[in-house]
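[1] Build me a model from this:
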Amino acid sequence: MIINTNPGAAMAARILGESSSALQKSLSRLSSGSKIASPSDDAAGTGVAMKFGAQINRIQAARDNVGNAVAYAQTQDGFLEKIGSALDRMSELAMLAQDETKTNADRALYDKEFQKLDEFVFNIGSKTFNGVSLFSGSQVSFMSVTVSDSGTTFGANTVDLTATAYNAITNQNVTTSSDAATALGKIKTAIATLASDRAVIGANMSRLEAESSALANQKDNVSAARSRIADVDVAQESANFARQQILVQSGTAMLAQANVVPQSALRLIG
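    The predicted structure is shown next:
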């Protein structure tokens, strides 16, 4: 029986310290929702989770880019639809102006509306989206849209309202029957070009929507992979937390008992 050294108390204190540390770690995991409370918990997992997190942010940025490109294309198509309505009416006016029962005075009345619609079509060519031209012929033949977290791009074909088919109707009129016939031919060509342009915009939107869907799926999968590494399983950790609590309580009690044992030496001394 010795007094200076108490091996039982030392062991109980060491185990209690380990249990307390494990309890604190479990508490930090439950409070933060993260399995990796400290890089020392899982050094490799920390690095992988960090890379996954950065990739998730890049994927979301690419989705934002694609979403803006879709909005750009939808704006283009909205204007083209209005141009289609204007060209339809202009072709109707050109047909009416060819009626031989009409006088040139009557045709002049048709021409007033014809010219206003022509001006409307011309003005749409200068429309912009957030400062970016929607229909400028000065742009390249496609708009490069980033569609992946690695920087892959898709070339979305653009629409040029300064094209010959549209310019051809600018100086037309329906003030005479022959002029109306000429104007009608130009308008029919413009309508055919417009139909092709709207198909191009529709194809762009279809591709971009497919890219957006693929990015959303990729983000879900990468997020799930990161979650398996970094997110705590609350049910499992709660059970571990309860276990560590019991160990701390029992360790505290046993340390108290171990400190009492040397006191029996006093009986020998007394």
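[2] Let's verify the residue most central in space within the chain: helix, strand, or coil?
    Centroid-nearest residue in the chain, with CA atoms, centre = their mean: Arg63, separated by 2.7 Å. What DSSP: H, G, I helix; E, B strand; the rest coil gives for Arg63 is helix.
[3] Pretty sure it sits against Ala214.
    No: checked against CB atoms under 8 Å, the pair Arg63 and Ala214 is beyond contact range at 9.7 Å. (Glycine included, C-beta is placed from N, CA and C.)
[4] What does Ala156 show for phi and psi?
    phi -80, psi 120 (degrees, to the nearest 10).
[5] Output the below-cut-off pLDDT ranges for the stretch 51-200 of the chain.
    Within the stretch 51-200 of the chain, the stretches with pLDDT under 70 are 137-141.
[6] before we move on, back to that, for the residue nearest to the centre of the chain, give its distance to Gln245.
    For Arg63, the distance to Gln245 equals 44 Å [CB to CB, to the nearest Å].
[7] Equivalent analysis for Ala235, please.
    Counting by CB to CB - Ala235 and Gln245 are separated by 16 Å.
[8] In a helix, Phe135, correct?
    No: assigned with three-state DSSP, Phe135 falls outside any helix and is coil.
[9] if I pick it, what's in contact with it?
    Neighbour list for Phe135: 76, 79, 124-127, 158-162 [criterion: CB atoms under 8 Å, 6 or more residues apart in numbering].
[10] Which helix or which strand is home to Ile169?
    Secondary structure from DSSP states H and E places Ile169 outside every helix and strand.
[11] With Ala37 instead?
    Using DSSP H and E, Ala37 maps to neither a helix nor a strand.
[12] Report the separation between it and Ser21.
    Going from Ala37 to Ser21 by CB to CB gives 12 Å.
[13] before we move on, what about Arg226?
    27 Å.
[14] How about Gly155?
    Relative to Ser21, and taking CB to CB, Gly155 is found at 57 Å.
[15] swap in Ser133?
    63 Å.
[16] who has more neighbours, those two?
    Legend: neighbour count by other CB atoms under 10 Å for Ser133 and Ser21, higher for Ser133 (15 against 12).
[17] So in terms of bridging, what pairs with that one?
    Listed beta-bridge partners, Ser133: Thr128 (assigned using DSSP bridges).
[18] List the contacts of stretch 76-92.
    By CB under 8 Å, 6+ apart, stretch 76-92 touches 113-114, 117-118, 120-121, 124, 127, 129, 134-135, 159, 161, 169, 183-184, 187-188, 190-191, 194, 197-198, 201-202, 205.
[19] Walk me through the domains of this protein.
    When the chain is parsed with automatic domain parsing, its domains come out as 7-33+237-269, 44-229.
[20] Can you tell me which of those domains is most buried?
    A comparison of the domains of the chain by mean neighbour count, using mean count of other CB atoms under 10 Å, puts domain 44-229 on top with a mean of 16.
[21] Could you check how far that domain is from the centre of its chain?
    Between the centre of domain 44-229 and the centre of its host chain there is 21 Å, according to CA atoms, centre = their mean, to the nearest Å.
[22] Confirm that Asp118 sits in a strand.
    No: the assignment for Asp118, made by three-state DSSP, is helix rather than a strand.
[23] ok, which stretches of this protein are helices?
    Assigned by DSSP state H, the helices in the chain fall at 7-32, 43-97, 104-124, 164-167, 177-230, 234-260, 265-269.
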